[in-house]
Structures are given as structure tokens and as C-alpha cells.
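J.: kindly generate the corresponding structure for this input.
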Amino acid sequence: MERVVTSGFFELDGGRWEVENNVWVVGDDAEALVIDAAHDADAIAAAVGDRTLRAIVATHAHNDHVNAAPELAERTGAPILLHPDDLPLWSATHPDRAPDGELADGQRLSVGATELVVLHTPGHAPGAVCLHAPALGTVFTGDTLFQGGPGATGRSFSDFPTIIDSIRERLLTLPLGTVVRTGHGETTTIGQEAPHLPEWIARGH
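T.: Numbering: from 1, shown residues only. Below you'll find the model as predicted:
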């Protein structure tokens, strides 16, 4: 797997913030899958190279995670996959271009020898998902879980109790050594984050 860091802006509720995003490319020498096509289709396409791009998966539809998805899809022919609960957010960024397919809890996506299991983890966004790759010992969490706590829930379409439930029930139940590959910032592990759940609940962050 590879990480591509791209830069741009996150826009929601009338605000605009400069951000750096992690774009994850998973696969083998023949084919790949992109998780969160953010900001820079050129940089992502360069990382994919001459491999067949099987899918462009959105962990959620905030603009900074999907703004390069249509261009990348057009260049590669790969379908864009999104959980349907995030269609209102998607439409705010791409009103004239729908995703090509839906993600569902428990769905399995295969690329090369790697299988990723879709975990619906609402809270940061209604249709937020994480992608668990048991054979790789990793989970791609988008903006649901970071090093140091849950994703932000202070804006439209988000809810703090919901993200806490998602993290507790869907992520902290994974093996403690599972590497958490996030939508922004550095990686962590389930074991590093799990002991801090009571602190997050107490501070309501």
C-alpha cells in the first residue's frame, strides 16, 4: 500500500480550511484501489501508474475527500463507490455527477490478493465508512478515528454520540495491533487509541 499526501481546501457550512489529505493506494503490481481521491488527480494517477484501477472508494463525501474523484474516474474508467447516506454531502460538491456504486456495511472489496471489509461508521458523516484489511493488519478510517481521538462532529451532518458508538463498536473491537491509517495526519493503532475512549467521551470532542 502507498500513501499520497495531497493539499487543498475543506469547505462546509460556509467555512474554508486549508488541509492535507492522505490518499491510500492499495493493491499489487497489476491492479489498485484508491481510498479517498483528494485534491490532485495527477498525483493520484501517478501513484497508480499503469495498474488497472478497480475502484475509487470514498470513506465519506466531504469535499476534501472526493473533489478529485470524478476526474480520476474519467481518466481511468474506475467506478466511484460511496455509502448512500452521504449522497447529500456528495451532491453539494458534485451536483451533476453521481457516484457509480454504493457501499454497504459488510461488503467486501477485492484488489489483487487483498480483501477489504466495509464498516459503516457514521458520526463524522452519515455515510462514513472504514475499510478493514485483516490480511494487512490495517484499517483505513477516513475521518472517523485519528491519532488522538475521533473525527470532528461540530458541523452539519455530524453527531458526537454516533461517532463514539461507531468507534466503540466497530473499530475498538478490532485486534489491538491493527494499524489505523487515517484521512489526515499520522498512523496509529487500535491498541494505542482504545484506552483513551473514556477521555474522549468526557471532553465531548
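J.: off-centre distance for stretch 159-171?
T.: Distance of stretch 159-171 from the chain centroid (Cα atoms, centre = their mean, to the nearest Å) equals 15 Å.
J.: kindly report the same for stretch 4-15.
T.: Using Cα atoms, centre = their mean, the offset of stretch 4-15 from its chain centre is 14 Å.
J.: can you check stretch 161-177 too?
T.: From the chain centre to the centre of stretch 161-177 is a distance of 15 Å (Cα atoms, centre = their mean).
J.: equivalent analysis for stretch 105-118, please.
T.: Worked out by Cα atoms, centre = their mean, stretch 105-118 lies 14 Å from the chain centre.
J.: and if you look at stretch 48-58?
T.: 15 Å.
J.: what's it in contact with?
T.: For stretch 48-58, contacts defined as Cβ atoms under 8 Å, 6 or more residues apart in numbering pick out 25, 27-37, 65-66, 69, 72-73, 76-82, 86, 90, 99, 101, 103, 109, 111, 116, 131. Using the backbone N, CA and C atoms, a C-beta is placed for each residue, glycine as well.
J.: swap in 7 Å and give it another go.
T.: 25, 27, 30-37, 65-66, 69, 72-73, 76, 78-82, 109, 111, 131 (Cβ atoms under 7 Å, 6 or more residues apart in numbering).
J.: kindly report the same for stretch 104-113.
T.: In this structure, residues lying in contact with stretch 104-113 by Cβ under 7 Å, 6+ apart are 26-28, 30-33, 54-55, 57, 115-120.
J.: in the strand ranked longest in the chain, what's buried?
T.: Using DSSP state E, we find that the single longest strand of the chain is strand 15-27. Using 16 or more other Cβ atoms under 10 Å as the test for burial, strand 15-27 gives 19, 21-27.
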